[in-house]
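Peer 1: No letters, just coordinates:
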RNA sequence: GAAGCUGACUAGACAGUCGCCGCCCAGCAAUGGGGGGAGGAAAGUCCGGGCUACACAGAGCAGGAUGACGGCUAACGGCCGUACGCUGAAAGUGCUUAGGCAUAUAAGGCGAGGAAUAGGGCCACAGAGACGAGUCGCAUUAAUCUGCUUGCAGAUUAAUCGGGUGAAACGCGGUAACCUCCAUCUGUAGCAAGACCAAAUAGGCUGGCGAUAGCGUGGCUCGCGCUGUCAGCGGGUAGGUCGCUUGAGUUUGUGAGUAAUUGCAAACCUAGAGGAAUGACUGUCACUCAUGCAAAUGAGAACAGAACCCGGCUUAUCGGUCAGCUUCCAUU
């Protein structure tokens, strides 16, 4: 099984994000808030929204995005046909990779 | 060796697993192989330039910027050198109530420093009076008037500027970080600049076809205009391509110059995205701190992420390495 992460697995357009938010289903965990919506693409897609207000420096925002993408990449093959929008919370600062990964998987499991 | 200071470099290293974005090669394709992939500030957007469009960017006015002298540079408000002013440590010296205090220089650091006789404005406190020159009080001298004891007192006027205040007082004061004047520079917008290709839809222009369709103009005919249909053209939207990284380039050697900088030669190509790649995790070794005799264990590891490109400035920053300058002490 390939663990590759392709462009069609990302949410890119403003419309994609809007439709997920308009579906109005979200779950909040320790470090993350996930909005979701079923899609018809035969695979899951992810988008990460990091607020400039909460995370002022670009380095911090990029780091969060890279980590979320990595967690998604290593686990997405057993996800359903879902569009996910992940928003980090303030508590994410200083959290280790494993704790963050567990939180994410727990939230995704709840969606089912 | 100690203290003070200046400049340059670096910004953990290696391995493994799984990935991302361009480029090149092979392949019909799937894919495979090769090679590259953040910073010293990428930041703030404070100056200066290249580049592009606007009329060819040229002249004048307004506005803005700069301001010792000389140099460097594509250019600068930057950098280098020199002079001047301020600042700048131990030691030494003097005093001491033994706590200190005073005194001066080194390397170095800082400096909105053109013009006050072109002109206007302003000058705290103190002082009678602060920028127009006169005036308050006191003193001296002279003159006049009054009182009268004929040499005293008072008043007025004029002159002297004697005393006191202050940085400065009928002066060739200060302030330009108040206006101003002088000299030099300065057009505006910015890669979402701008150039090219160009679907669909709507509308525009040109030409053909309608031998007699309809409407309008008109008394009627011709004609003309609109509606029809076919072909072509140009503008232009979505979208795409270019601009887009070979450049005031980097490294090394060598020559010129006190230096900033620069001549010559050789070698090299070093991110180029477009909802935005440059990563995540694990291990070993180094670095710092804590505990410990040690082995070791635990924790920490800054500031911060390219978006047209350069030269600077400013701000943020854990550590480490190297070189140089000055002073003092010790040794030879």
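Peer 2: Alright, I've got the coordinates. Predicted, not measured: the structure shown is a model, and the values here were computed from it. Numbers count the residues shown, from 1 in each chain, chains lettered A, B, ... in the order given.

Peer 1: ranges for the helices of chain A?
Peer 2: Taking DSSP state H, the helices of chain A run over residues A:14-23, A:58-75, A:97-111.

Peer 1: Format those as CSV; extra columns: mean pLDDT, mean neighbour count and distance to RNA strand B.
Peer 2: Quick note: C-beta positions are derived from backbone N, CA and C, even for glycine. Below are the helices of chain A laid out as CSV (pLDDT from 0 to 100; neighbours: other CB atoms under 10 Å; distance: least, CB to the nearest atom of the strand, whole Å):
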stretch, mean pLDDT, mean neighbour count, distance to RNA strand B
helix A:14-23, 76, 14, 3
helix A:58-75, 84, 15, 4
helix A:97-111, 82, 15, 4
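
Peer 1: Kindly reformat these as TSV and extend each row with distance to residue A:38.
Peer 2: TSV is the format used below for those (distance: least, CB to CB, whole Å):
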stretch	distance to residue A:38
helix A:14-23	8
helix A:58-75	17
helix A:97-111	9
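
Peer 1: can you tell which of those helices is closest to residue A:52?
Peer 2: helix A:58-75 (7.2 Å; CB to CB).
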